[in-house]
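> Structure, please.
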Amino acid sequence: MMYITEECINCSACNDECDNNAIYNAGDNYVLNDETLAALSNDFSYIVPELCDNCKSCVEVCAVDAIVEK
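Next comes the predicted model:
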């Protein structure tokens, strides 16, 4: 599972790269199974584990290496 650490600078590069729409901006609610759920983080971008397929394309575009495998 991929995880965004607190080193994130909220540049949104990973959001744009994610083909699964698994990455959301800080504070943004996310949608899973047609249900809108509360943001997993209000401080930095986050990855919804259920939507991520671990392709790691987000890791390649992260300017500050804030995305790690957990």
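
> Correct me if wrong, but V59 is in a strand.
No. With DSSP: H, G, I helix; E, B strand; the rest coil as the criterion, V59 is helix rather than part of a strand.

> so D28 sits right up against A39, yeah?
Yes. Between D28 and A39 a contact is recorded at 5.7 Å, counting by Cβ atoms under 8 Å. (Each C-beta comes from the backbone N, C-alpha and C, glycine too.)

> For stretch 13-31, buried residues please.
Counting neighbours by 16 or more other Cβ atoms under 10 Å, one finds that the buried residues in stretch 13-31 are A13, C14, N15, C18, A22, I23, Y24, Y30.

> Ok, stretch 3-13 next?
Using 16+ other Cβ under 10 Å as the test for burial, stretch 3-13 gives I4, C8, A13.

> May I have the beta-bridge partners of the first one?
Following DSSP bridges, I4 is listed with bridge partners I67.

> re earlier: export the buried residues of stretch 3-13 to TSV and tack on distance to C55?
Formatted as TSV, the entries for those read as follows, by distance: Cβ to Cβ, whole Å:
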residue	distance to C55
I4	15
C8	19
A13	15
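
> returning to that earlier point: show me which pair in the buried residues of stretch 13-31 is furthest apart.
The largest separation in the buried residues of stretch 13-31, counting by Cβ to Cβ, is between A13 and Y30 at 18.3 Å.
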